[in-house]
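Trainee: The sequence isn't on hand, but the structure is:
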Ligand code: SF4
């Protein structure tokens, strides 16, 4: 398979022997490129305020019942400087689209972490103003995660995904042009998403100036307008991860915690076996974590113990090099968008 290869509907829906071959090929490419190392980062979810209204998300602004919070800088800084898990090399600071939290919590936290720790810093904060984005970069954040969520423009509008798709893509390209290492992501198995629409996500991702991309299986949020819809099938999600690895050998592809909601106990490990090379330990303090309601209250929390166990069970090991340092030191062929047929 060369970079001209592009998955077909049969690849997306493959099971049995053809799926095993797809995942094995993706895994071999991952080991060739990254050895047996898997990046381990932490995530702190600093605010569940959001000005957007995505129909698939429990933190949408129309939800008046959700108890909203903004985390305290000092408590997070104390935890990340003095009590962070030893395996951690990077931290991702994430929130709903909340410019107030970005300015008042995230910005000072980035400065603190760059001053006090060797952690690589990434942010996932939605489409902020250019000024605020530049301030975050100057403060020392290196990587920006901006998920395009849905590539199909009709579905994007119908599900009220953030802003407009053209705006989001334009912002993503602008971030990359400013020197950010940009990662993106999308949701697989949304209601109304057919196979072609799903493949369109992969096609769009491969055309963007990215260093990585995630795919999350759709999980119907209990408090959302989509609560009665079925959860996504994990198999096309895993097949998508494998396809993205084959298309983009250099990409950083996370195994997402929602894989364990789609297939309790083994989904996360299967992600690592299908080409993922990034794990995320959830470090959001317990008392606020339950209100970070992307899906539902009984979240599957990835602790350090669970992450290290999954990595070991797959015969892998945590990377000693931070993800951000790796990206800074490596050539960036992934930034050349692949020509995919
Ligand atoms: S998916 Fe993100 S942008 Fe959309 S409502 Fe949820 S937190 Fe806000």
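Mentor: Perfect, thanks for sending it. Please read these numbers as outputs of a predicted model, since none were measured by experiment.

Trainee: backbone phi and psi for residue 182, please?
Mentor: Dihedral pair for residue 182: phi -110, psi 130, per degrees, to the nearest 10.

Trainee: And residue 94, how far from the ligand?
Mentor: For residue 94, the distance to the ligand (CB to the nearest ligand atom, to the nearest Å) stands at 9 Å. Yep, even glycine has a C-beta here, placed from its N, CA and C like the rest.

Trainee: any idea which helix or strand carries residue 241?
Mentor: Per DSSP states H and E: residue 241 is located in helix 234-247.

Trainee: Over to residue 186?
Mentor: Element membership of residue 186 [criterion: DSSP H and E] is strand 181-188.

Trainee: Quick check, residue 133 in contact with residue 175.
Mentor: Yes - in this structure residue 133 lies within contact range of residue 175 using CB atoms under 8 Å: 6.6 Å.

Trainee: residues shared between the contacts of those two?
Mentor: residue 144 (CB atoms under 8 Å, 6 or more residues apart in numbering).

Trainee: Quick one: residues contacting the spatially most central residue of the chain.
Mentor: Nearest to the mean C-alpha position of the chain, by CA atoms, centre = their mean, lies residue 214 at 4.8 Å. Applying CB under 8 Å, 6+ apart to residue 214 gives the contacts 147, 183-186, 253-254, 256.

Trainee: Try it again at 10 Å.
Mentor: Counting by CB atoms under 10 Å, 6 or more residues apart in numbering, residue 214 touches 145, 147, 183-187, 205, 240-241, 244, 251-256, 258, 271, 276, 278, 280.

Trainee: same question, residue 43
Mentor: 90-94, 122, 124, 145, 257, 280-284, 292, 302.

Trainee: any idea which element the residue nearest to the centre of the chain lies in?
Mentor: With DSSP H and E as the criterion, residue 214 is inside strand 212-217.

Trainee: likewise residue 45?
Mentor: Judged by DSSP H and E, residue 45 forms part of strand 37-47.

Trainee: What of residue 134?
Mentor: Per DSSP H and E, the secondary structure element for residue 134 is helix 130-139.
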